[in-house]
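Novice: what would the 3D arrangement of this be:
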Amino acid sequence: MGEMAPDLLSALKTAFIQRQFIRFNYQDARGQKTQREVEPQVMLILPPLWYLVGWDPARGDFRHFRMDRIDALEALPGNHFRRRHIPFEEDVCPYSEMLNRSAMLRT
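Specialist: Here you go, the predicted structure:
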């Protein structure tokens, strides 16, 4: 397991908030390197790994990327997208919802 690029989270934050396409270099498990352009949709944290889930227009489907394999991420200004329904969204709850559930269980 590698480490995430230090500026990756702040670059993703901006892209998520402004709904900007992103471009980055990606190295898969076999070491093959590609350049990808995706619509960032969600981050998935499965300790100890973090994943970016994005819509890949070139492939017409969702793709997930291990964040420690992403390099040279850049937002593409002027290219905006709409949020898409994530097929597994019902199984992943936002942090605030998780806190509410936790508080309800304690009472």
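Novice: report the secondary structure state of Ser10.
Specialist: Three-state call for Ser10 (DSSP: H, G, I helix; E, B strand; the rest coil): helix.
Novice: can you find the helix or strand in this structure with the smallest mean pLDDT?
Specialist: One helix or strand of the chain scores below all others by mean pLDDT, DSSP states H and E: helix 95-106, with a mean of 49.
Novice: can you pull out the strands in the protein?
Specialist: Shown for the chain, the strands assigned by DSSP state E span residues 20-27, 33-46, 49-56, 61-66, 70-80.
Novice: the second one pairs with which strands, parallel or anti?
Specialist: Next to strand 33-46 in the sheet, as set by DSSP bridges, lie strand 20-27 (antiparallel), strand 49-56 (antiparallel).
Novice: try the fourth one
Specialist: For strand 61-66, the paired strands and their directions (DSSP bridges) read strand 49-56 (antiparallel).
Novice: tell me the buried residues in the partner strand?
Specialist: Trp50, Tyr51, Leu52, Val53, Gly54, Trp55 (16 or more other Cβ atoms under 10 Å). Backbone N, C-alpha and C define where each C-beta goes, glycine included.
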